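S.K.: sequence and predicted structure are below.
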Amino acid sequence: MLGGSLFFLDVVFGGVKLAVELDGRLYHSGSEVFETDRWRQNLSVIDGWCVLRFTSAMIEERPAEVMAMVREALEMLGAA
């Protein structure tokens, strides 16, 4: 629950409050989904979460860089 609403994050490292959100153009093309994503991210940050966002292209074309960024965030947050 964030801000009195129930949200689902794509990938969560709950022990260190790291959320990884995956943004696909097809799913996120609707204005309601786009708006909800922004509310969810803002409420997550206010609650102390670090939020990383990646597109499908980033994951498919540069997976090593995506993983490096996730690892760096985990280290920064004290998980490693």
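M.R.: Happy to help now that I have it.
S.K.: can we go C-alpha only for contacts and neighbour counts from here?
M.R.: Fine.
S.K.: okay, buried residues for the top helix by length along the chain please.
M.R.: For the chain, the helix that runs over the most residues, judged by DSSP state H, is helix 31-46. By neighbour count with 16 or more other CA atoms under 10 Å, helix 31-46 contains the buried residues 37, 40, 41, 43, 44.
S.K.: likewise stretch 69-80?
M.R.: For stretch 69-80, a neighbour-count test (16+ other CA under 10 Å) marks 70, 73, 74 as buried.
S.K.: for the lowest-mean-pLDDT helix or strand in the chain, packing partners?
M.R.: Least confident helix or strand of the chain, by mean pLDDT, DSSP states H and E, is helix 31-46 with a mean of 87. On a contact count with 3 or more CA pairs under 8 Å, 6 or more residues apart in numbering; DSSP states H and E, helix 31-46 meets strand 50-55.
S.K.: identify the residues contacting the strand it packs on?
M.R.: Here strand 50-55 makes contact (CA atoms under 8 Å, 6 or more residues apart in numbering) with 17-25, 41, 44-45, 66, 70.
S.K.: can you name the two of those residues that sit furthest apart?
M.R.: Greatest spacing in the contacts of strand 50-55, by CA to CA: 17 and 25 (25.6 Å).
S.K.: so those two - more neighbours on which side?
M.R.: Just comparing residue 17 and residue 25: by other CA atoms under 10 Å the higher neighbour count belongs to residue 17, 17 against 11.
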